[in-house]
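In: the amino acid sequence is not available; the structure is as follows:
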């Protein structure tokens, strides 16, 4: 199983609102082997990721499901919104794929 985690450094408060909207697009995406999509503000209780104020996580049964998600039109559309609204584009996005 893969735990796909994505954190964002929004370019502005308005940009964070757009990123939240893009997360709602992904929250509506349903693929076999994809589960547990959650998104919300990063509370950064340990003071280690303050620049990343919003994020999401989702579970994939395996890499094939992850690849199907990557190519899905809703993911492509939401991803474009996320890149456009993150500080520095792709540089304002942190992605982790943990195999658990």
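Out: In hand now; what should we look at? It should be emphasised that the depicted structure is a prediction, and the values quoted were computed from it without experimental measurement.
In: for the protein, longest helix please?
Out: For the chain, the helix with the greatest residue count under DSSP state H is helix 13-27.
In: what's that helix packed up against?
Out: strand 34-41, strand 54-60, helix 73-85 (3 or more CB pairs under 8 Å, 6 or more residues apart in numbering; DSSP states H and E). Placement of C-beta: from N, CA and C, glycine included.
In: do that again at 6 Å, thanks
Out: Applying 3 or more CB pairs under 6 Å, 6 or more residues apart in numbering; DSSP states H and E, we find helix 13-27 packed against strand 54-60, helix 73-85.
In: tilt between it and strand 34-41?
Out: 170 degrees (axes from the mean of the first three to the mean of the last three CA atoms, to 10 degrees).
In: pLDDT on helix 13-27, on average?
Out: For helix 13-27, mean pLDDT is 98.
In: who touches that helix?
Out: If you take CB atoms under 6 Å, 6 or more residues apart in numbering as the criterion, helix 13-27 is touched by 8, 10, 37, 39, 54, 56, 74, 78, 81, 82, 85.
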